[in-house]
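A.B. asks: I would like the atomic coordinates for the input below:
(chains A and B)
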There are 2 protein chains.
Amino acid sequence: MRIAIDAMGGDHAPKSTVEGALAAAREWNDTQIILVGDEEVLKPLLVDAPANLVIQHATEVIDAEDEPVKAVRRKKDASMVVAGRLVREGKADAMISSGNTGALMTTGLLVVGRMEGIERPALAPMIPTVDGRGVLALDLGANMDAKPEHLAQYALLGSIYREKVHGINKPRVGLLNVGTEAKKGNELTKAAYPLLEAMPIEFVGNVEARDVLSGACDVLVCDGFAGNILLKSLEGTAGTIFSLLKKEFTKSLKNKLAAAILMPALRSLKGTLDYKEHGGAPLLGLSGLVVKGHGSSDGPAIKNAVRQARTAIQNQLTESISAEISGERVTE
Amino acid sequence: MRIAIDAMGGDHAPKSTVEGALAAAREWNDTQIILVGDEEVLKPLLVDAPANLVIQHATEVIDAEDEPVKAVRRKKDASMVVAGRLVREGKADAMISSGNTGALMTTGLLVVGRMEGIERPALAPMIPTVDGRGVLALDLGANMDAKPEHLAQYALLGSIYREKVHGINKPRVGLLNVGTEAKKGNELTKAAYPLLEAMPIEFVGNVEARDVLSGACDVLVCDGFAGNILLKSLEGTAGTIFSLLKKEFTKSLKNKLAAAILMPALRSLKGTLDYKEHGGAPLLGLSGLVVKGHGSSDGPAIKNAVRQARTAIQNQLTESISAEISGERVTE
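C.D. replies: Numbering: from 1, shown residues only, chains lettered A, B, ... in the order given. Presented below is the predicted three-dimensional model:
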């Protein structure tokens, strides 16, 4: 299989992407890694590269500050756009980028293209949970508003992803809401509830924000606005508590000594809640596989994203979604 | 002044309400406390009650499980409804209840009545912040969906409350959103932004969920759905982290000893983030003052709610809102 990596995307690119690409190419020799970016920059970094690692030259770069749609339309030779084109043309089975999220979603839509029957692709990162399973939340992309039908499709996309990539049998799908009763919610979630009930998924009903971390479901469906509020609130609260702990624990020598003993426990706790440990976020509903790495991805994170893409390709994620969606339309 | 307390509302009522009422009546002898509830139940509990504490008999009780609108309409002699009627009829300057939230909002709307010019009253609890100032968030009531104009009115209501009750000069009002730039957001927040800019308030723009705890604003404006996701997510994350900490800190004897040393620090941190410490939530936009105590309120919490109501009455909260709203309409 062939996996394209946007070599120029991410805070630590191209160092991180080259490191990740090298490690991945060495580990999986059945996989061709296509590093997309400026050949002159990349070549000197690729010392002792294995034969299954190749460069696809691309002259331009989309920056974090670029306006997504304009950048994708104008920078036709940007590493991200070229990687997307490889997927569309069947020259790569998947692409990975840790660059500008909005631009990557645009690349997915305009370059890779939507899967037939999908109204709106969704970005689906994992949110950590206490039990370590994590929950796939979607949509956390650029679309803030959603219609009930979109939420129903997100549910299906997320469910198939969890089954195919994480090997979960009958993933439990929950709807982010303000109460567990079916009639609870705003206009959107109240209208979405019966649609989710009718989908060929294991719908476990509404899930409250406070139960997400406890692992109340495997897939959490929400619109982009609510998903952002949830995720940023989790991150903000965890970050605040850890910084307050640090402050309290360094207040006195006595506290410092006690805190030193507990440091491994604190680190393990911090790791449990670190969403960056959970790999890249797939962009679901496209005609090919696109994985969004975290902006701060390092080499191991990029390699992990390759692992994730390999699993998805091996288990025919895109084909399974397509079959389910067209089947769904047939029965309508 | 006269403050009515729904003696039968709350998890620990009437013990908590009687305790709070007694303490309040003893501390403020310029205030008449009207305990509303079943005389036969209340009288034996009122030993040595001061003269400024009186009972208003009410035969019925609205339970936590009651359907709000039905309960308020049918139980005309419920303690909550009777307390609301005292406010509407000018026999009390404020009412306090820790009972069924939905029923209290209904009592506010149907019994106390909306203030003229207010489209929709809002429930405004305090969310704790790291700097100890807290942020007043509204709406966190029963209305899940809001229109841009509602958010603009919430902003004004919250701003006046923070000024009159908490003595904050020019409270900073933020709009809960997914990014700080003005053009960010869903349809609702994008439409609300210019309306908030035009209000006679200190609008500081969009505030992301992750910055709420740091105290990015004094008043946070949101629809009921987003507010619920934010608040429950804060609570859930904090609760999860503290329970994980407890688990890690009791794993070994060494850890237990170290944790014992840090216990005061942990307790102080937990207190900082406990929203229950921040008093009752006002229901803003009614023709009289209604304060919602937390369901688990104890005696001191009820007394605190009385303190809060006193400050609001002394500083003419309701009159100030009314003047601002009618002034606003004149200039339109």
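A.B. asks: same question for the helix-or-strand element of chain A with minimal mean pLDDT: list its buried residues.
C.D. replies: Least confident helix or strand, chain A: helix A:317-331 with a mean of 80, by mean pLDDT, DSSP states H and E. For helix A:317-331, a neighbour-count test (16 or more other CB atoms under 10 Å in any protein chain shown) marks A:L317, A:T318, A:I321, A:S322, A:E324, A:I325 as buried. (Glycine included, C-beta is placed from N, CA and C.)
A.B. asks: which ones among those also lie next to chain B?
C.D. replies: For chain B, no contacts are drawn from the buried residues of helix A:317-331 by CB under 8 Å from any CB of the partner chain.
A.B. asks: sorry, back to before: hey, C-alpha coordinates of the least confident helix or strand of chain A in PDB?
C.D. replies: This file holds the C-alpha atoms of helix A:317-331, laid out as PDB (Å, rounded to 0.1, in the frame of the first residue of the first chain):
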ATOM      1  CA  LEU A 317     -12.500   1.400   5.800                       C
ATOM      2  CA  THR A 318     -13.400   3.600   2.800                       C
ATOM      3  CA  GLU A 319     -15.000   0.700   0.900                       C
ATOM      4  CA  SER A 320     -17.000  -0.400   4.000                       C
ATOM      5  CA  ILE A 321     -18.300   3.200   4.400                       C
ATOM      6  CA  SER A 322     -19.200   3.400   0.700                       C
ATOM      7  CA  ALA A 323     -21.000   0.000   0.800                       C
ATOM      8  CA  GLU A 324     -23.000   1.000   3.900                       C
ATOM      9  CA  ILE A 325     -23.900   4.400   2.500                       C
ATOM     10  CA  SER A 326     -25.000   3.100  -0.900                       C
ATOM     11  CA  GLY A 327     -26.800   0.200   0.800                       C
ATOM     12  CA  GLU A 328     -28.500   2.700   3.000                       C
ATOM     13  CA  ARG A 329     -29.700   4.700   0.000                       C
ATOM     14  CA  VAL A 330     -31.000   1.600  -1.700                       C
ATOM     15  CA  THR A 331     -33.300   0.700   1.200                       C
END
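A.B. asks: now for it, which elements pack on it?
C.D. replies: helix A:148-166 (3 or more CB pairs under 8 Å, 6 or more residues apart in numbering or on different chains; DSSP states H and E).
A.B. asks: relative to helix A:317-331, how tilted is the helix it packs on?
C.D. replies: Calculated by axes from the mean of the first three to the mean of the last three CA atoms, to 10 degrees, helix A:148-166 forms an angle of 140 degrees with helix A:317-331.
A.B. asks: tell me how far A:L45 lies from chain B.
C.D. replies: In this view, A:L45 and chain B are 34 Å apart by CB to the nearest CB, to the nearest Å.
A.B. asks: now swap in A:V207 and tell me
C.D. replies: Counting by CB to the nearest CB, the gap from A:V207 to chain B is 10 Å.
A.B. asks: with A:K190 instead?
C.D. replies: Following CB to the nearest CB, the distance that separates A:K190 from chain B is 8 Å.
A.B. asks: secondary structure element for the nearest residue to A:E202 once chain neighbours are set aside?
C.D. replies: Computed as CB to CB, 6 or more residues apart in numbering or on different chains, the closest residue to A:E202 that is not its neighbour in sequence is A:K170, at 4.3 Å. Assigned by DSSP states H and E, A:K170 falls within no helix or strand.
A.B. asks: buried set for stretch A:43-60?
C.D. replies: A:L45, A:L46, A:A49, A:N52, A:L53, A:V54, A:I55, A:Q56, A:A58, A:E60.
A.B. asks: what does the stretch 101-250 of chain A have sitting close to chain B?
C.D. replies: So the stretch 101-250 of chain A meets chain B at A:130, A:144-145, A:176, A:178, A:185-187, A:189, A:208-214, A:223-226, A:228-241, A:244-245, A:248-249 (CB under 8 Å from any CB).
A.B. asks: mind listing the helices in chain A by residue range?
C.D. replies: Counting by DSSP state H, chain A has helices at residues A:15-27, A:39-42, A:68-74, A:79-88, A:101-106, A:148-166, A:187-198, A:224-249, A:253-272, A:299-314, A:317-331.
A.B. asks: other residues contacting the last one?
C.D. replies: If I follow you right, that is helix A:317-331. A:115-118, A:153, A:156-157, A:160-161, A:164-165, A:200, A:284-289, A:312 (CB atoms under 8 Å, 6 or more residues apart in numbering or on different chains).
A.B. asks: please apply the same query to the fifth one.
C.D. replies: Residues from elsewhere that reach helix A:101-106, judged by CB under 8 Å, 6+ apart: A:9, A:62, A:66, A:68-69, A:71-72, A:80, A:97, A:121, A:123, A:141-142, A:283, A:290, A:292, A:295.
A.B. asks: and the residues you listed, which are buried?
C.D. replies: Members of the contacts of helix A:101-106 classed as buried by 16+ other CB under 10 Å are A:9, A:62, A:66, A:68, A:71-72, A:80, A:97, A:121, A:123, A:141-142, A:283, A:290, A:292, A:295.
A.B. asks: show me the residues you listed that map onto strands.
C.D. replies: Members of the buried ones among the contacts of helix A:101-106 lying in strands (criterion: DSSP state E): A:S97, A:L123, A:L283, A:V290, A:K292.
A.B. asks: A:L138 versus the second one, what's the distance?
C.D. replies: If I follow you right, that is A:L123. Taking CB to CB, to the nearest Å as the measure, A:L123 falls 7 Å from A:L138.
A.B. asks: for the two, list the residues in contact with both.
C.D. replies: Common neighbours of A:L123 and A:L138 (CB under 8 Å, 6+ apart) are A:L284.
A.B. asks: show me where pLDDT drops low in chain A?
C.D. replies: For chain A, applying pLDDT under 70 flags the ranges A:275-277, A:328-332.
A.B. asks: quickly list the domain ranges of it.
C.D. replies: A:1-116+A:285-317, A:119-278 (automatic domain parsing).
A.B. asks: I'd like these written out as CSV, with distance to B:L35 added.
C.D. replies: Formatted as CSV, these follow (distance: least, CB to CB, whole Å):
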stretch, distance to B:L35
domain A:1-116+A:285-317, 57
domain A:119-278, 32
